[in-house]
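Engineer: just need the structure, nothing else, for what follows:
(one chain, ligands or ions: 2)
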Amino acid sequence: MDSWHRLRRWVQAICFAMFVALPFLDVIRFDIPRQRFYFAGYELWINEFGIVFFALMFLMFVVVAGSVLYGRVYCGYLCPQMIFSEASLHLETSIRKRWLKRHARLQRPAYFAAVAAASVALAFIFIAYFVEPRELWHRLASLDIRTAGGISGATVTILTFLDFSLVRLRFCTTVCPYGYLQGMLGDGNTLLVQYRDPEKQCIECKKCVRVCPMGIDIRSSPFQIECIHCGECIDACDEILARLKKPGLIHYAWGDKGELLGANGGQAWYRRIGLRDGKRVVVLLVLACYAAGLTAALAMRHPVLVRISPERATLYRVGEDGRIYNRFRYSISNRSRKNTAVVFAMRELPGASMILPANPVAARPGETVQGWFEIARGAGGGQMVSHFVLAATTVPDQVTDTFAETFLAPEKP
Ligand code: SF4
Ligand code: SF4
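Structural biologist: Ligands and ions are numbered 1, 2, ... in the order given. Model (predicted):
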């Protein structure tokens, strides 16, 4: 790689686009007011525990696997905090040294005004992960700072402004737990940035220190908690020593004693991508298991959930017409985004009829409809306990769920 800096900028641009797009396309969104979890376009209800569990575990193991194999590359290449902190520093430098170079008094107000505007936009995108974006837009347009949602939005905006105008990269070494977590997840085979100079070629130019966004000297140790493995110091050293026709002294390496990243040396492909011991294989296998579980759970999911339960407080009633009645309750949860209806039918109970106020039963998107129906059968129609099947077919999807039920009748004299 001729320039880690250029790669970083490309990856960060893609990450920024994804950060903006994900909640609006419902790829990942946790809608708190409606208690819905959106994942890969699926609208999951919070009670769909299996799928939510697999989705969260899968995402967690993506982070774990990334950290075990590649160290803090998430921090250096993918993290929104890092992307916006660096953008804020770049903005400040541009205002000071280029755009308002001759207007010293305007520099600070212009910088704070730009960060304030950006904070409103960033806070909007961030909150869109938890509140439906159109609803959020209405709240913002009406300058709502009275409701809980409005107050939360204003608070996030202020915190975003303080973060990107004052805290910036200090967040990574003080507040963020991921840096500390990485210290526990990494081991002797994890990718890190390392200074190796066995032949004492360093010319002490300190350019690697000057370009470091975290302000550290990588020559002291490859295990400094501040290091986000961004690779900026690698580019700096490569560039300086290239002028002296020497190779750079800082590299990505697999652990402090392992091979350099990209060094071929006859290594198998799996070692070159970081699969260097059984621990990594196990981590990837666990990740694959959660991915398979998530895929299976999504594939088996019914967008319309129908539940039927018999009402057994009174086992049966004898009607004025002399027939026996059993009462059942139903619940239809329409977890899809389109109108649906459920047609109830009965099988394997000869001589019986179903009494339902409306059949089919309609349910709007996101709606749970509850109601009841009765099964009636003549008094001489059968045994005390008759087994039969209730079928619920969704329209227009034509998916049928069946329920094994029992019909109870009084003992024959
Ligand atoms: S950039 Fe390279 S040569 Fe310059 S101080 Fe850093 S390690 Fe030494
Ligand atoms: S030491 Fe190098 S890799 Fe680590 S944060 Fe500084 S510039 Fe990035």
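
Engineer: return the residues of the stretch 51-200 of the chain in contact with ligand 1.
Structural biologist: Residues of the stretch 51-200 of the chain lying near ligand 1 by C-beta under 6 Å from any ligand atom: Y195. All C-beta atoms are positioned from the backbone trio N, CA, C, and that covers glycine.

Engineer: which helix or strand lies directly C-terminal to the helix or strand of the chain with the lowest mean pLDDT?
Structural biologist: For the chain, scoring each helix and strand by mean pLDDT, DSSP states H and E identifies helix 178-185 as the least confident one, at a mean of 81. Secondary structure here is assigned by DSSP states H and E; on that basis, the next helix or strand after helix 178-185 toward the C-terminus is strand 191-195.

Engineer: so which bits of whatever helix or strand comes next after that next one are buried?
Structural biologist: Using DSSP H and E, the helix or strand that directly follows strand 191-195 along the chain is helix 207-211. Using 16 or more other C-beta atoms under 10 Å as the test for burial, helix 207-211 gives K207, C208, V211.

Engineer: will you turn these into a markdown table that also has distance to L241 and pLDDT?
Structural biologist: Written out in a markdown table, the entries for those read as follows (distance: C-beta to C-beta, whole Å; pLDDT from 0 to 100):
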| residue | distance to L241 | pLDDT |
| --- | --- | --- |
| K207 | 10 | 96 |
| C208 | 10 | 97 |
| V211 | 14 | 95 |
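
Engineer: is the least confident helix or strand of the chain anywhere near ligand 2?
Structural biologist: No. Using C-beta under 6 Å from any ligand atom, helix 178-185 stays clear of ligand 2, with a minimum separation of 11.1 Å.

Engineer: could you pull out the buried residues of that helix?
Structural biologist: By neighbour count with 16+ other C-beta under 10 Å, helix 178-185 contains the buried residues Y178, G179, Q182, L185.

Engineer: dump that helix to PDB, restricted to CA.
Structural biologist: Taking Å, rounded to 0.1, in the frame of the first residue of the first chain, the C-alpha atoms of helix 178-185 are listed here in PDB:
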ATOM      1  CA  TYR A 178     -13.200   0.400  23.200                       C
ATOM      2  CA  GLY A 179      -9.600   1.400  23.600                       C
ATOM      3  CA  TYR A 180      -9.400  -0.400  27.000                       C
ATOM      4  CA  LEU A 181     -11.400  -3.400  25.600                       C
ATOM      5  CA  GLN A 182      -8.900  -3.700  22.800                       C
ATOM      6  CA  GLY A 183      -6.100  -4.100  25.300                       C
ATOM      7  CA  MET A 184      -7.800  -7.200  26.600                       C
ATOM      8  CA  LEU A 185      -8.700  -8.600  23.200                       C
END
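
Engineer: show me what it is packed up against.
Structural biologist: helix 49-70 (3 or more C-beta pairs under 8 Å, 6 or more residues apart in numbering; DSSP states H and E).

Engineer: now the element after the helix it packs on, going C-ward?
Structural biologist: Downstream of helix 49-70, the first helix or strand assigned by DSSP H and E is helix 73.

Engineer: which one of the buried residues of helix 207-211 sits closest to ligand 1?
Structural biologist: Ranking the buried residues of helix 207-211 by separation from ligand 1, with C-beta to the nearest ligand atom as the measure, puts C208 on top at 3.3 Å.

Engineer: ok, now how distant is the closest one from G215?
Structural biologist: 12 Å (C-beta to C-beta, to the nearest Å).

Engineer: what does G278 give?
Structural biologist: For G278, the distance to G215 (C-beta to C-beta) stands at 37 Å.

Engineer: please identify which of the two sits among more neighbours.
Structural biologist: Residue environment comparison for G278 versus G215 gives the larger neighbour count to G215, 11 against 8, counting by other C-beta atoms under 10 Å.

Engineer: does that one sit in a helix, a strand or a coil?
Structural biologist: Using DSSP: H, G, I helix; E, B strand; the rest coil, the structure places G215 in coil.

Engineer: now the least confident helix or strand of the chain against helix 49-70, angle please.
Structural biologist: 80 degrees (axes from the mean of the first three to the mean of the last three C-alpha atoms, to 10 degrees).

Engineer: residues from the stretch 151-300 of the chain in reach of ligand 2?
Structural biologist: Of all the residues in the stretch 151-300 of the chain, those in contact range of ligand 2 (C-beta under 6 Å from any ligand atom) are 193, 212-214, 216, 218, 227-233.

Engineer: check those and tell me the two furthest apart.
Structural biologist: Of all pairs drawn from those, the widest gap by C-beta to C-beta lies between I216 and G231 and measures 13.7 Å.

Engineer: and those two? Which one has more around it.
Structural biologist: Each of I216 and G231 has its neighbours counted (other C-beta under 10 Å); G231 has more, 23 against 18.

Engineer: roughly how far apart are the residue lying closest to that one once chain neighbours are set aside and ligand 2?
Structural biologist: The shortest distance from G231 to any residue that is not its chain neighbour, by C-beta to C-beta, 6 or more residues apart in numbering, is 3.1 Å, and that residue is W4. W4 sits 8 Å away from ligand 2 when distances are taken as C-beta to the nearest ligand atom, to the nearest Å.

Engineer: thank you kindly, that will do.
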